[in-house]
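> sequence and predicted structure, then a few things I'm wondering about:
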Amino acid sequence: MRAVQAREAGGPEVLSSVELPDPAPGPGQLLVRVAAAGVNFIDTYRRAGVYPMPYPHVVGVEGAGVVEALGAGVDGFAVGDRVAWAEAPGSYAELALVGAADAVAVPAGLDLTHAAALMLQGMTAHYLVASTFEVGPGHDVLLTAGAGGVGLLATQLATARGGQVITTVSTAEKAALSSAAGARHTIDYAAMSDLATQLPAAVRELTGGEGVHVAYDGVGRSTFAASLASLRRRGMLVLFGAASGPVPPVDPQVLNRSGSLFLTRPTLGHYVATRGELEWRAREVLGAAAAGDLDVRIGATYPLADAADAHRALEGRATTGKVLLIP
C-alpha cells in the first residue's frame, strides 16, 4: 500500500510517500480501505515533534472508508461496512488499522468523504457547545477562527441551540462563510494593531458592554488574552487548540481579577472516553449532516502523495473548512 510517513521531526518537507506492506488486522481491529483521511493540526504537531512520536511513522489519525477484513473478537462490524474514525494512527494510507472500539458506522445518505471531514472537527464542535459549556438560548458566544473547520461547525451547532455567535475572521471571504454558517457578527481581527484591547472592545460593543458568556479559542497564543478579556463576569474561556502556538503560563489570580472567570483546556479523547459517548456524539453529528441539518465545508482535497502541501496550507492559515487527503 501507499502511505505517507514523517521520516523525522521537522517541517512539511519531512513527509514522503512510501510503499509499505499491507497491514493485517489484529484482535479487536478492522482493516479499512481508506476513502479519505482528515488533515488536522494534531498531525502537524506529531510530524514536527511537538508531541513525542517514533520516527518514521505513518501520519494521520482520522478518516473514513470500507471494512476489508476483521481481526479476532470483533463484533458489530462486517466486511463491506462503511465506517469512520477520529483516532487511528496511520490514517494517511490506502489501508488503515482501526480499533473496532474507535470506529462508528456511517449513516446512509452521507458519503465517506463528508464522514471523514466530520469525525474530529464535528465531534469537537459538538462537545464544545453541548458539554464543555452547554450553549442555550440567550448565550453570547465568541468563536475564534470562525471560518475554520471547527468554527463553521460550532457556529451552526451553537446557533441551533439558541446562541448568538460572534466570530473572528481574517478576510472578507472568511467573514462571508462565517455569516452563512449563522454567525450574527464577524470581526476582522487581522486589521487590529492591538488585538488584546481592540477585540474585547469590539465584543463588548456587540454585547451591550457585558462581554460573552463563553469564548471558544482554538488559535491559542495570539488570541488568548483577547478572548479572556472578552468574557463577562463568571464567563468561561474554552481553549481547545493552539494554531498560533502554545499559551504561556497563566496566573490564576488573573481569573479572579477579571470577574471570577473559568478556564478549561479540553481534548476530544476525554469527551468520547466511553463507547456510549462516542456513539452519541458521532450519531448526532453524522446524522445531522446526513439529514441536511449540518453543512460540512470541505475547503480543499489533496492526493495522498501531496500531504506536505496540505500541511503547508493548514499551517499557513490558508484554508477554510476541512482539508482532506484522498488515497
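Right, received. Where do you want to start? Since the structure is predicted, the reported quantities are computational estimates derived from the model, not experimental observations.

> CA atoms for contacts and neighbours, from now on please.
Will do.

> name the nearest residue to the residue nearest the centre of the chain, ignoring sequence neighbours.
Centroid check for the chain by Cα atoms, centre = their mean gives Gln121 as the closest residue, at 3.0 Å. Nearest residue to Gln121, sequence neighbours excluded (Cα to Cα, 6 or more residues apart in numbering): Val150, at 5.1 Å.

> contact partners for the residue nearest to the centre of the chain?
Gly149, Val150, Leu153 (Cα atoms under 8 Å, 6 or more residues apart in numbering).

> mind putting those into a markdown table with secondary structure and distance to Trp85?
Listed next are those as a markdown table, based on DSSP: H, G, I helix; E, B strand; the rest coil; distance: Cα to Cα, whole Å:
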| residue | secondary structure | distance to Trp85 |
| --- | --- | --- |
| Gly149 | helix | 17 |
| Val150 | helix | 16 |
| Leu153 | helix | 18 |
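
> coming back round to it: what's the distance between the residue nearest to the centre of the chain and Arg297?
Per Cα to Cα, to the nearest Å, Gln121 is found 11 Å from Arg297.

> ditto for Glu205
Distance, Glu205 to Arg297, using Cα to Cα: 30 Å.

> now Ala24
Distance of Ala24 to Arg297, given as Cα to Cα: 33 Å.

> who has more neighbours, the two?
Ranked by neighbour count (other Cα atoms under 10 Å), Ala24 and Arg297 place Arg297 first, with 20 against 14.

> which strands or helices does the strand ranked longest in the chain pack on?
Longest strand in the chain by number of residues (criterion: DSSP state E): strand 29-39. Strand 29-39 sits against strand 63-70, strand 95-99, helix 112-127, strand 322-326, with contacts defined as 3 or more Cα pairs under 8 Å, 6 or more residues apart in numbering; DSSP states H and E.

> turn these into CSV, including mean pLDDT.
Shown next, in CSV, are these (pLDDT from 0 to 100):
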stretch, mean pLDDT
strand 63-70, 98
strand 95-99, 98
helix 112-127, 98
strand 322-326, 97
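
> among the ones you listed, which is nearest Gly235?
helix 112-127 (17.6 Å; Cα to Cα).
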